[in-house]
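>>> Everything below, folded, please.
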Amino acid sequence: MPYFAAALARRASEWTGEEIDLKGVEDLDAVIEELRRVGDDAETQLLFVEENDEWFAIVRLDELGDPRVFLSDGRAMESSELGAILGEAAAIADPPDEDAVEGDEAEDDDEEDEATQVAGDPVGDVDLLADLGTPSARLLALCAEEGQLPADIMSSLCESAGCLETLDSLRMA
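Now for the predicted structure:
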């Protein structure tokens, strides 16, 4: 399946980027290794992946933090090897429900949440771009908007983060 993967790295206030090949990666560690190869000394690194105008994923690395992952459509885990790798990491990183209460009620709430979640729902860390101009509510709204292509959403996210010019230069190459 055709996909586009762009690794972007921010040093001070300047973004650089490189299109990367993720064919043959077997797990998140291999994806992270490719991302670090592009911007090992960067304070923030982002990987944007888009496949077949169907879904997109974002992987974020900060200087000292663990990788954070977001997948726009959970169904990608069933239809794409790369989607499965990124989706599994996103599902692990999915933050717990803040509204859950202690004890038996919390277990009941979790069961209800699982029953109502649709396979096509976004998965992962919805706050991974909050400090780069895209709060979680906006990210989720972009994913839910009818007719939005993953490439368009990625452009909007990069515009907010200040790296749209870098992403566009990689798309044109």
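
>>> Tell me what the residue nearest the centre of the chain is bridged to.
For the chain, the residue nearest the mean C-alpha position is residue 58 (2.1 Å; Cα atoms, centre = their mean). Note on residue 58: beta-bridge partners residue 48, residue 70, judged by DSSP bridges.

>>> let's have the chain start at 822 instead
Yes, from this point I'll number from 822; that puts the last item at residue 879.

>>> Around residue 883, how many other residues sit close by?
Neighbour count for residue 883, taken as other Cβ atoms under 10 Å: 16. Quick note: C-beta positions are derived from backbone N, CA and C, even for glycine.

>>> if we can go back for a sec, ok, now how distant is the residue nearest to the centre of the chain from residue 984?
Distance, residue 879 to residue 984, using Cβ to Cβ, to the nearest Å: 12 Å.

>>> hey, what's in contact with both of these two?
residue 867 (Cβ atoms under 8 Å, 6 or more residues apart in numbering).

>>> mind listing what the closest residue to residue 953 other than its chain neighbours touches?
In this structure, residue 953 finds its nearest non-sequential neighbour in residue 982, 3.9 Å apart by Cβ to Cβ, 6 or more residues apart in numbering. Counting by Cβ under 8 Å, 6+ apart, residue 982 touches 836, 867, 950, 953, 954, 955.

>>> change it to 7 Å
Going by Cβ atoms under 7 Å, 6 or more residues apart in numbering, residue 982 touches 950, 953, 954.

>>> What ranges does the protein have for its helices?
For the chain, the helices defined by DSSP state H cover 849-860, 897-900, 902-914, 925-937, 957-965, 971-982, 985-993.

>>> For the protein, name the helix or strand with the lowest mean pLDDT.
The helix or strand of the chain with the poorest confidence is helix 925-937; it has a mean of 44 (mean pLDDT, DSSP states H and E).

>>> weakest of the helices of the chain in terms of mean pLDDT?
Lowest mean pLDDT within these: helix 925-937, a mean of 44.

>>> rewinding a little: so which of the helices of the chain is nearest residue 884?
Nearest to residue 884, of all these, is helix 849-860, at 10.7 Å by Cβ to Cβ.

>>> tell me which strands and helices the closest one is in contact with?
Here helix 849-860 touches strand 824-832, strand 865-872, strand 876-883, helix 902-914, going by 3 or more Cβ pairs under 7 Å, 6 or more residues apart in numbering; DSSP states H and E.
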